[in-house]
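*Asks:* Mind folding the following:
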Amino acid sequence: MEAGGLPVELWRMILAYLPLPDLGRCSLVCRAWRELILSLDRTRWRQLYLGCAECRHPNWPNQPDVEPESWREAFKQHYLASKTWTKNAAILETSVCFSLFRRRRTRRTLSVGPGHEFHSLGSALAMSSLFDRILLFPGLHEEQGEIILKVPVEIVGHGKLGEVALLASIDQQCSTTRLCNLVFMPAWFSPFMFKTTSGHVQFDNCNFENGHIQVHGPGTCQVKFCSFKNTHVFLHNVPLCVLENCEFVGSENNSVTVEGHPSSENNWAYTHLLGLIRSSPGVLPTEDSDSLMSLDLESRDQAWSPRTCGIVIEGSQSPTSPATGSPRAGSREAEVGSNGERVARTPDSSDGGLSPSGEDEDEDQLTYRLSYQVQGPRPVLGGSFLGPPLPGASIQLPSCLVLNSLRQELQKDREAMALASSVQGCLIRKCLFQDGKGGVFVCSYGRAKMEGNIFRNLTYAVRCIHNSKIIMLRNHIHHCRASGIFLRLEGGGLIAGNNICHNAEAGVDIRKKSNPLILCNQIHHGLRSGIVVLGNGKGIIRNNQIFSNKEAGVYILYHGNPVVSRNHIFKGHAAGIAVSESGRGLITENVIRENQWGGVDIRRGGVPILRSNLICFGYSDGVVVGDEGKGLLEGNTIYANKGCGVWMMASSLPHVTSNHVSYNGLYGVAVFSQKDGSGELPGGHGAQENFSEDGDAVLWETELEKDDDPPRRPITTALVESNSVNHNGASGLYIQSSEALHIVTNVIHANRVRGITVAQSSQLTRVANNSISCNRQSGVKIEAQCKVELRGNGIYDNRGHGIITKGDSTVMENDIIGNRGSGLQLLPTSDTKVIRNRIHSLRASGIAVQGHAQALVQENTIFQGKSSKSIFQQSSGNQACVIQNNRLLVFKKSDTWCLVNPPARPHLENPLRGPSAAHGGQKVTAMATRITAHVEGGYHSKRSIFCTIL
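*Replies:* Sure, this is the predicted structure:
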């Protein structure tokens, strides 16, 4: 700056002494002067703002220690807001026509107080004219009768806030008024300190104590920098009301009540308030660096595809090339009786893998191996969860599972964006609600929008009932004594970007046909559940972080039916999601991880659809379908949980389809029917869940209504189909059940014990068209007195026997190839039909019949494995074993055999069946029972790990 040759620093010191009008004039001189005036933001503009008696800190009461981005801009916004009440002055003073010939009247200032012009407010109002200023000097001003405002005036307290107290009951009947820098208290004859029915009122920098404020539509109000102590603000049918930077403390009821639909009749101030709201900076999210990734998990893991490769028998020392046609003309087929073969020692009746010494015996003997590809798991989530978890490594989610920002979600959802941008009814912004019973109560078709507020140490923060709608953006709700946000009786709206934590009950409570959109919130560290949906409640719960809650992250019960999608639910002290007591819902594309008592718990009549979720790294089971639980589990990735991947009861009739279940600590899928209620419930979860509004016990069963959703197609048998079950710590499937079960079209691969273990099955367990391969022990083990049918399976390359059975089983049309133990071992207690199978053992007999096992072995093709082993091994004197029309093939070096008619099993015409769902169940006892079962191999102290949710 060249003027006078002074440096810029000296100019700033000089200009810092100018009052506000002179600063404005200087900024109009030139561009350089304007830039110089703007550079005084942290000095002169800050002094002017904080020196104004009508102003408080721009970030009061929530962040009084945080500097605003611009003190000049904050001062400008305050000045514009303080003049809203005078916007209709020209209309009131005179008509437009006569204003050209009439001299404009100046506003008067009327002084009230001891030693001044007027001794009371009433006497000053009697002498006031349009837009006069009434100045109350320090002291206590008590009015003995109701004050009626008939002309627009401004009532201002002189001095610091707290020096002027007004005990009065004011009824506004004029079009506009402003009250500033006063302490309001109710008069002795009425609890109402102020009320209006049609006009506009503006409160700036006031304190209200122990009374009520009432505004009826089409009246409007604007309240800024005010403190309400044990004061109730009642807004009825207001078209627009703004409460900004206010503090509400110690209310015995609700601090703010918004009742009734906004009036369609608007007064003069409605347009000006709307423009002021849109021009002021809001709390809508700005552009951030989060990438916009869609979470499309439905196209990922498909359980398996039909086998198309040929299977060729070859010598280990001189392998031959795979053939695709019929056996060569020179090949010979030999029928060999059991007493015509040199019987070699085979593994004992246990189904463990063969000892290493067995691989070195008789090196000059031929081992006829099979050249084929084992059907293993297909990549899921870009292959991120196909390999084993690394010990101690942090969880790295693929980019497709990263949550979107609130801005990105609003850009994708036009309806949510329209809600977030709308203003109707009451706008509450940057306020503090604390140390009272209730925050905001919206009822009877009311509308309210809350932005950037803090609710703490209340009984509840927000309650929305009776067809009302709320919009909540970027609020902080914590340490409530009941639920944080409560919606009932068809309440709805948008709840987005809020931090909801440390509440005594649920963070969000949805019931009685309420249907909100809950988007991009953090709901955590609650003393109960994160979100509860019950009593026919609905809602869309999307893209939230729900973590570290003491009970379920999302709890659905009593006919609740929400859509829960694309959330991260993690580190809860109970289950991630619990569905019980006839709860429903669509649970899709969520990341459910590191929860203490399992990922998803379904029991007591719960019938959800669980689809395309990642359920991983839980400290218990991935999914539990307990007593009377039902539902559809489809397309989920259940990975690296310390318990079972899926723990279910067959009597619950779940449908488990197209899931990828891998690297879990115990069984991949465990099916039980026994329950043990003698144990104590873990983790202090023995208390009954409390679902009252304010903490009182309520029996919701008497209030339920039947849902109008169309019934789903029922199933009559538990079904496990088209899943990939691999690399689990115990058996891939473990069955200990007295109910029927169907296991079809699964890939069961490389599990650390067996592929399938049937420990108990008093009704028929049907195992059909599965690929069972590369498991550490047997492919299938059937215990005594179990009823099992194996049909159309491919059982390949397991380290123990292909099938070992002690029970009543039918083994029909399977390919049992390349297993290190016997292809099929029948133990003395078994009663087995072995029909039309193709059987080959890598190092032992094709079929070994131990003791006096009953068997019908008919029309099988049995290939020789090791040259020193018998194809068929049978104890002498066993009359109960019937052998008919089998083909026993002894390998010659010139021979090549192919499995071409039919091709290698399993085959499927329709590899993936359409999803079916379970029928709704009935409600049972409210107290959960502990469900336990024997775990094979000593993996977990003879009890299953389970989810217990109350």
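*Asks:* Sort out which residues of stretch 416-425 are buried, please.
*Replies:* Neighbour-count burial for stretch 416-425, counted by 16 or more other C-beta atoms under 10 Å, picks out 416-417, 419-420, 423-425. C-beta here means a position set from N, CA and C on the backbone, and glycine is covered the same way.
*Asks:* same check, this time on stretch 857-868
*Replies:* Buried, per 16+ other C-beta under 10 Å, within stretch 857-868: 857-858, 860-868.
*Asks:* one step back: any chance of the buried residues of stretch 416-425 in a markdown table, plus distance to Glu163 and secondary structure?
*Replies:* Listed next are those as a markdown table, based on distance: C-beta to C-beta, whole Å; DSSP: H, G, I helix; E, B strand; the rest coil:
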| residue | distance to Glu163 | secondary structure |
| --- | --- | --- |
| Ala416 | 47 | helix |
| Met417 | 47 | helix |
| Leu419 | 44 | helix |
| Ala420 | 42 | helix |
| Val423 | 36 | coil |
| Gln424 | 38 | coil |
| Gly425 | 35 | strand |
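*Asks:* In a markdown table: those, plus pLDDT and distance to Gly446.
*Replies:* Shown next, in a markdown table, are the buried residues of stretch 416-425 (pLDDT from 0 to 100; distance: C-beta to C-beta, whole Å):
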| residue | pLDDT | distance to Gly446 |
| --- | --- | --- |
| Ala416 | 93 | 20 |
| Met417 | 94 | 22 |
| Leu419 | 91 | 15 |
| Ala420 | 92 | 18 |
| Val423 | 89 | 14 |
| Gln424 | 88 | 10 |
| Gly425 | 93 | 6 |
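*Asks:* Throw these into CSV and include distance to Met649, thanks.
*Replies:* Below are the buried residues of stretch 416-425 laid out as CSV (distance: C-beta to C-beta, whole Å):
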residue, distance to Met649
Ala416, 39
Met417, 44
Leu419, 42
Ala420, 44
Val423, 52
Gln424, 50
Gly425, 49
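*Asks:* which among those gets closest to Ala124?
*Replies:* Gly425 (34.6 Å; C-beta to C-beta).
*Asks:* Could I get the full set of strands for the stretch 1-150 of the chain?
*Replies:* Under the criterion DSSP state E, counting those that start in this stretch, the stretch 1-150 of the chain carries strands at the ranges 109-112, 132-136, 139-142, 147-149.
*Asks:* just checking, what packs against the third one?
*Replies:* Based on contacts counted as 3 or more C-beta pairs under 8 Å, 6 or more residues apart in numbering; DSSP states H and E, the elements that strand 139-142 packs against are strand 164-167.
*Asks:* check contacts around Ile638.
*Replies:* 599, 615-616, 622-623, 645-646, 659-662, 664 (C-beta atoms under 8 Å, 6 or more residues apart in numbering).
*Asks:* 10 Å instead?
*Replies:* 385, 592, 599-600, 613-616, 618, 621-623, 644-646, 656, 659-664, 668-669, 723, 725, 728 (C-beta atoms under 10 Å, 6 or more residues apart in numbering).
*Asks:* if I read this right, His466 contacts Arg488, doesn't it?
*Replies:* Yes: at 8.1 Å, His466 counts as touching Arg488 under the criterion of C-beta atoms under 10 Å.
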